[in-house]
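>>> Model the structure of this input:
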Amino acid sequence: MTDKVHYRVNPTLDNEALNRLFSRSWPEHVVRDFQPVLRRALGWLGAFDEQQLIGFVYLATDGGKHAFLLDPTVDPGFRRRGIGIQLVKRAAALARSRQCRWLHVDYEASLAPFYHAAGFRDSAAGVLELDRST
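Presented below is the predicted three-dimensional model:
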């Protein structure tokens, strides 16, 4: 991990910075307004190299004991340096500090080693894609 990376809880992030990060990180990203998501979030974290946003994750909540890890993203030029693991672990600490007991995450099978390294264990869960007919 690079010594220049700084992690911030709930940093001020504009749509331009987030869309730039997501466009570099996710080939199918569509530019969007992140502000409604941030307003409703339990919290979020940014990873910065100097002032450049290079990583992001946010937490949603059910308003009780459950938090949900969403959109963990690291700029491709900064991957495999432990930044993603740090973002996830710091998000878990943030959820704990906000009185959550459980942290949920959905992921594809190929990402299991990453999430196991971050402390998650497998559990039975289901997902329904709502924009497809069932």
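
>>> How far does the helix or strand harbouring Leu94 sit from its chain's centre?
Using DSSP states H and E, Leu94 sits in helix 83-97. The chain centre lies 9 Å from the centre of helix 83-97; the measure is CA atoms, centre = their mean, to the nearest Å.

>>> Show me what it is packed up against.
Where contact means 3 or more CB pairs under 8 Å, 6 or more residues apart in numbering; DSSP states H and E, helix 83-97 is packed against strand 5-9, strand 43-49, strand 52-61, strand 66-74, strand 102-104, helix 112-117. Placement of C-beta: from N, CA and C, glycine included.

>>> export those to JSON lines and tack on mean neighbour count, distance to Val127 and mean pLDDT?
Shown next, in JSON lines, are the helices and strands packed on helix 83-97 (neighbours: other CB atoms under 10 Å; distance: least, CB to CB, whole Å; pLDDT from 0 to 100):
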{"stretch": "strand 5-9", "mean neighbour count": "15", "distance to Val127": "28", "mean pLDDT": "97"}
{"stretch": "strand 43-49", "mean neighbour count": "21", "distance to Val127": "22", "mean pLDDT": "98"}
{"stretch": "strand 52-61", "mean neighbour count": "21", "distance to Val127": "15", "mean pLDDT": "97"}
{"stretch": "strand 66-74", "mean neighbour count": "20", "distance to Val127": "12", "mean pLDDT": "96"}
{"stretch": "strand 102-104", "mean neighbour count": "16", "distance to Val127": "11", "mean pLDDT": "95"}
{"stretch": "helix 112-117", "mean neighbour count": "13", "distance to Val127": "15", "mean pLDDT": "93"}
